[in-house]
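# just need the structure, nothing else, for what follows:
(one chain, ligands or ions: 2)
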Amino acid sequence: MLLSWRQIVREVNAAPSLQDALAVIVHRVKDALPIDACAVYLTDFANDQYVLMAAEGLSAGSGDQVRIGREGLLGLVAERRELIVVTNAAAHPRYRPSPETDEEPDGSFLGMPLIHYHRVLGILVAWKEPHREFDRDEITFFVTIAAQLAKAIHAAAAVDEVNRMLSGEIHEDLFIQGVQAAAGVAIGTAALLDPLVKLESIPDRQAQNVDGEEAAFRIAVADAQRELASSSERLAPVLTDDVRALFDVYVMLLGNDGLVSDTVERIRAGNWALGAWRATIAEHAHVFEQMEDAYLRTRAEDIREIGQRILARLQTDLRESRQFPERCILVGETVSITEIAAVPTGRLVGIVCMRGSTLSHTAVIARALGIPAVVSLAALPAARLDGCEMIVDGYEARIYVQPSPKVLQAFQQRIVEETALAARLVALREQPAETLDGTRLPLYANIGLGSDTAAALDNRAEGVGLYRTEYPFLLREAFPVEEEQYQIYRELLESFATKPVTLRTLDVGGDKILPYFPVQEENPFLGCRGIRFSLDHPEIFLIQLRAMLRANAGLDNLQVLFPMISTVGEVDEALGLLARAHRELLEEGRAATKPPVGVMIEVPSAVYLATALAERVDFLSVGTNDLTQYMLAVDRNNAQVTTPYDSLHPAVLNAIDHVVKAAHLRGKPVSVCGELAGDPAGALLLLGMGVDTLSMNSVSLSRVKLAIRSFTVQRARALLGAALNMEDGFAIHRLLHGALEEAGIGRGKSSPV
Ligand code: PEP
Ligand code: MG
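Ligands and ions are numbered 1, 2, ... in the order given. Below you'll find the model as predicted:
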């Protein structure tokens, strides 16, 4: 039996439509188990009913669509969200025979909810003749298969819906549900990103133009060689010898005639360049893998790496020539910062990702740019969407493909209303963030991309509470050298001159992997992240600190922030390196000014070290994105745990409150720079805690300002007092949304259709 549930799931996944998938389910389950009937019902959420979608062994009744209400046994399964086994269904108080069909036979009943992302998508049911019981093995099989099927049904339903939308079926309520990444509404044209292809998956293909393929391949090799050699030279003063040696190995491998000549030979034999290159790399890597010497064996990895690099080059060339539509909605498995940056300014209106979650960095960037984004649409048949008209509803986390004129009109109206609200908020621009009883709470901006600076200034940010320095690192092909970093930081400090600018030192690791410094870790979010990376690589860290200190000379508005601090030792070491960078600059006769220094509180250990940390530095800055992730043990990038990921969880709020009290006792200010600060509800609680500054993406500045201007500190404290005593996040959400509604500044209304 164990093998057969796998087979069934495989068949269901391969079914071309939802209807086919459901037919496979009932047919195969009935075959696999000694039962008399099997049926699958899907939930009609709008009408609170269960619709019979496929059945085997059940008399279908009049032929009309069979719909069952919530009162019967199906309703019981959905309510309880668990397996229900009833030996004599007719005797059960929830048994409801249906006059026109046999959909609730009176024998033994086995019902299992099909749950995906907390929603009961449907119910899988089996029946036996009266008095024939289900045995343990049958029940185990049934439970196992139902658990697997929910995901497949969700995927098949999404594909089905997209197909119906594409075929022009006009259904106002047809949309695909995802997870919210950034609020707002956009109408535009989908532009599908090329998937990042793995070299091993490149197929063989007949070359159309053998000479052209050979030339393109040789150019790619020569370019890659040049680029590697110059990166290695440029970085000579920055990198340790072992890191530099990596570059040299690659240059040498590409110079190896075997790799090039074998590929050319394959191209001339008729394979296209990528297929020929894949075959050559596989062959050479295999030779090394067979070697006895462990060192030589690891050369196989280098060969594969170089293989991937050339592939990326050829793909980049393709991507560079890409034309993006006027109102572009980027659609991809994931959408990276580089891909966002590749779309000409002003054209990008929406982002849609198959993976990701509310707190993934793509989402953070989308919010920073004010671009509506929906993520975690795993089942979307992306390949069919390129060039389609699309609506992204970032409030309800839905997308509409080829929308009907009615839907389109409703969203166009919505965009007009949004623009009007934005104009209202703009009117607040010159007003301070001041409570009704006169307390000021300075609002700073979080920035990372070049374009953020203008948005922050435009929205009257009173400073920069977080500049994510890793962004320029992620956008380059090699570590930016000191001069390059100096220019970036200097320009930023000058743009905000006199207002404080907080430069966070490199926070790579986790989901921010430098393409030119790959790190293989089982669990990267618990690995070499943030300050750990910098302390492991003082040669890179010192360059960054020098660039920052030089940029501050004569301006004196820099603040330095260390990320992911989990021990006081890390702070001492980082401060030591900062002092050393300063000393060395002065010894070299360069102008450099030492700034105030802060540490991020984003790891539970830092919460409980807040006093010791506050004694060592000038300010603390709470990163609620990671603090929530690490306190609640929920991955900020995992769409399956978006519900438990909640920065308004009472444990997170109590932790922040503890940090504020500890820092204030030592006379040190506290800033909050995670996404919680940009949420009007979160901002109110932080105001109540007495947080000294809030830092958020620029598009949130005016909404948060409006919230602060609508409350007194006293009321914010009362809300905080109530929230800190609550036991779960839902109650806190309700409390705050009630308060915001009461003040007339509730959240954006729900979808217009
Ligand atoms: C945070 O963790 O809250 C934070 C601001 O840092 P990042 O989102 O860059 O990890
Ligand atoms: Mg963080």
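# contacts and neighbour counts: CA atoms only from here.
OK.
# where along the stretch 501-650 of the chain do the strands fall?
For the stretch 501-650 of the chain, the strands defined by DSSP state E, counting those that start in this stretch cover 501-504, 558-562, 597-601, 619-622.
# could you dump the ones you listed to TSV with distance to residue 533 and mean neighbour count?
Shown next, in TSV, are those (distance: least, CA to CA, whole Å; neighbours: other CA atoms under 10 Å):
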stretch	distance to residue 533	mean neighbour count
strand 501-504	13	26
strand 558-562	11	25
strand 597-601	15	27
strand 619-622	20	26
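# mind checking which of those is nearest ligand 1?
Among the strands of the stretch 501-650 of the chain, the nearest to ligand 1 by CA to the nearest ligand atom is strand 619-622 (6.7 Å).
# to which secondary structure element is the closest residue to ligand 1 within the stretch 51-200 of the chain assigned?
Closest residue of the stretch 51-200 of the chain to ligand 1, CA to the nearest ligand atom: residue 181 (13.3 Å). Element membership of residue 181, judged by DSSP states H and E, is strand 179-182.
# for the next helix or strand after that strand, C-alpha coordinates in PDB please.
Once the chain leaves strand 179-182, the next helix or strand it forms, by DSSP H and E, is strand 185-192. This file holds the C-alpha atoms of strand 185-192, laid out as PDB (Å, rounded to 0.1, in the frame of the first residue of the first chain):
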ATOM      1  CA  VAL A 185      -2.500  47.700  -6.500                       C
ATOM      2  CA  ALA A 186      -0.900  47.600  -9.900                       C
ATOM      3  CA  ILE A 187      -2.100  46.900 -13.500                       C
ATOM      4  CA  GLY A 188       0.500  46.000 -16.000                       C
ATOM      5  CA  THR A 189       2.100  43.400 -18.300                       C
ATOM      6  CA  ALA A 190       3.700  40.200 -16.900                       C
ATOM      7  CA  ALA A 191       7.400  39.900 -17.800                       C
ATOM      8  CA  LEU A 192       8.700  36.400 -17.000                       C
END
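# for strand 185-192, packing partners?
strand 328-332, strand 348-353, strand 389-393, helix 405-426 (3 or more CA pairs under 8 Å, 6 or more residues apart in numbering; DSSP states H and E).
# give the pairing partners of the second one; include direction for each.
Looking back up the chat, that one is strand 348-353. As defined by DSSP bridges, the strand partners of strand 348-353 come to strand 328-332 (parallel), strand 373-375 (parallel).
# figure out how far that strand is from the centre of its chain.
Relative to the chain's own centre, strand 348-353 is displaced by 13 Å; criterion: CA atoms, centre = their mean, to the nearest Å.
# next one: the last one
Going by CA atoms, centre = their mean, the spacing between the C-alpha centre of helix 405-426 and its chain's C-alpha centre is 26 Å.
# list the buried residues for it?
Neighbour counts over helix 405-426 (16 or more other CA atoms under 10 Å) mark 407, 408, 411, 412, 414, 415, 425 as buried.
# what sits against the last one?
Spelled out, that is residue 425. 702, 703, 706 (CA atoms under 8 Å, 6 or more residues apart in numbering).
# would you say the first one is within a strand?
No. Going by DSSP: H, G, I helix; E, B strand; the rest coil, the assignment for residue 702 is helix, not a strand.
# separation between the closest residue to it other than its chain neighbours and ligand 1?
Take residue 702 and drop its neighbours on the chain: the residue closest to it by CA to CA, 6 or more residues apart in numbering is residue 425, 5.7 Å away. Between residue 425 and ligand 1 the distance is 25 Å, computed by CA to the nearest ligand atom, to the nearest Å.
# quick check: residue 425 vs residue 740, distance?
Distance of residue 425 to residue 740, computed by CA to CA, to the nearest Å: 16 Å.
# just residue 85 next, same as before
In terms of CA to CA, residue 85 sits 46 Å off from residue 740.
# all good on my end, thank you.
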